[in-house]
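Enquirer: structure for this input, please:
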Amino acid sequence: MITIKEVSELAQVSQSTVSRALNGHPTVKESNKAKVFAAIEELGYKPNAFAQALASSRSNSIGMLVGSLDGPFYGPLMHTAEDTVRKKNLHLIVTSGQESHDKEADSIRFLQSKQVDGLIIHSDKLSDDEIIKVAKQTTSTIILNRYIPELSDKCICIDNELGGYLATKHLLEYGHTKIACITGQLSKIDSRDRLQGYRNALAEFGIKYDANLIVEGRFDHEGNHEAVRRLLDRDSEITAIFCQNDNIALATYDVCSERNITVGQDLSIVGFDNDTYSQHIRPRLTTINFPVREMGIEAAKAVLSLLNNDSYLLKDKLTPELIIRDSVKKITP
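Expert: Next comes the predicted model:
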């Protein structure tokens, strides 16, 4: 088995220089770094990850808490974060909170017990105070999809209010005035912000907000069909619905099919997220693009910069974009 001593002898540098080069220490001269890696290549040396971690006081891993381990939102978020971290020879350890406060808290404790070097947290259930405490314990922490004033330099959000505004404004510009909204869980700040954007657009066009046109759904698939049925039974004059994510829009398509309502003709729909299937269903879904892949990359880059004390301009608010397809009909006076 090749040892670090043999690498140092071939490279003609000290063993401590080899160790620092392997750990990416900035004090290693480029010429020495080149010698070390040339020797590693020639000898076929494979560093012992555990020994490296002991030498550097790091686990070479980043922990990530998400709401779920599946679905079109969390999948790309985890994938891009993991891909970015792996490029720096670190590993991502992911666990989910499953919309439970106790499970989220337990997940954080688990990740910290693994002595992860940093944390990426997407939490709906932990309080601001609890997250602030976690960030004090693990200083290289980034918070996703949530703004905490005390951790403002560690938060990455999408402008959900702008997204709700863009979706509703598009329907208004196409002549719709009886516009309903099916929200996500109103316990989530995303849902409340998107609803505020909906209200902002109505106000801009001089249309009075009607609470009867609002129904609470869920961002996952559970119970959304019944929410759509309840809304359509409540008011037969609705011509358009802003669905606060594409899962809700998909349920709306299903209920329209049940009732022989033609989407894009009898009823216009705008979704939110721009999930992969939104361009494949018929009619293709007009939706708001949530830059989830960009969020995963930004989160990983930010936590790595904190870990290495690098200067990094955090992209703290990502911009949603309206994707116009075929699910909205223009109403002419």
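Enquirer: how close does Asn89 get to Asn32?
Expert: 19 Å (CB to CB, to the nearest Å). C-betas here are computed from N, CA, C, even on glycine.
Enquirer: same drill for these two, tell me which one is more crowded.
Expert: Shown here are Asn89 and Asn32; by other CB atoms under 10 Å, Asn32 has more neighbours (18 against 13).
Enquirer: list the contacts of Val18.
Expert: 4, 7-8, 11, 36 (CB atoms under 8 Å, 6 or more residues apart in numbering).
Enquirer: please read the previous query as pertaining to Thr183.
Expert: 191, 194-195, 214-217, 244.
Enquirer: what about the stretch 1-150 of the chain, any weak spots by pLDDT?
Expert: 1, 23-24, 45-57 (pLDDT under 70).
Enquirer: hmm, who's touching stretch 295-310?
Expert: Residues contacting stretch 295-310 (CB under 8 Å, 6+ apart): 62, 76-82, 84-85, 88, 90, 92, 117-120, 139-142, 144-145, 154, 156, 158, 311-312, 314-315, 318.
Enquirer: the contacts of Val18, buried ones only, as a ChimeraX selection?
Expert: Buried residues within these, by 16 or more other CB atoms under 10 Å, are selected in ChimeraX with:
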select :4,7,8,11,36
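Enquirer: dump the contacts of Val18 into a markdown table; add distance to Leu69 and secondary structure as well.
Expert: Converted to a markdown table, the contacts of Val18 look like this (distance: CB to CB, whole Å; DSSP: H, G, I helix; E, B strand; the rest coil):
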| residue | distance to Leu69 | secondary structure |
| --- | --- | --- |
| Ile4 | 38 | helix |
| Val7 | 39 | helix |
| Ser8 | 43 | helix |
| Ala11 | 43 | helix |
| Val36 | 38 | helix |
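Enquirer: quick one, phi psi at His91?
Expert: phi -120, psi 150 (degrees, to the nearest 10).
Enquirer: let me redo that: Gln185
Expert: phi -60, psi 130.
Enquirer: and the one 10 residues further on, by the same measure?
Expert: Main-chain dihedrals, Leu195, degrees, to the nearest 10: phi -70, psi -40.
Enquirer: quick check: closest non-adjacent residue to it.
Expert: Thr183 (5.6 Å; CB to CB, 6 or more residues apart in numbering).
Enquirer: for Leu111, same thing?
Expert: Gly63 (3.3 Å).
Enquirer: check for me that the one you found belongs to a strand.
Expert: Yes - assessed by DSSP: H, G, I helix; E, B strand; the rest coil, Gly63 belongs to a strand.
Enquirer: count of neighbours near it?
Expert: So Gly63, with other CB under 10 Å, has 26 neighbours.
Enquirer: quick check: the two most widely separated of the contacts of Thr183?
Expert: Arg194 and Val215 (13.6 Å; CB to CB).
Enquirer: higher neighbour count, the two?
Expert: Arg194 (29 against 20).
Enquirer: residues in contact with that one?
Expert: Arg194 makes contact with 160-161, 163-164, 167, 183-184, 244, 272, according to CB under 8 Å, 6+ apart.
Enquirer: so Gly206 belongs to a strand, correct?
Expert: No - assignment of Gly206 by three-state DSSP gives coil, placing it outside any strand.
Enquirer: any idea how far it is from Ala180?
Expert: Counting by CB to CB, the gap from Gly206 to Ala180 is 18 Å.
Enquirer: got it, and Phe290?
Expert: Phe290 is 21 Å from Ala180, by CB to CB.
Enquirer: one more: Asp117?
Expert: Distance of Asp117 to Ala180, computed by CB to CB: 47 Å.
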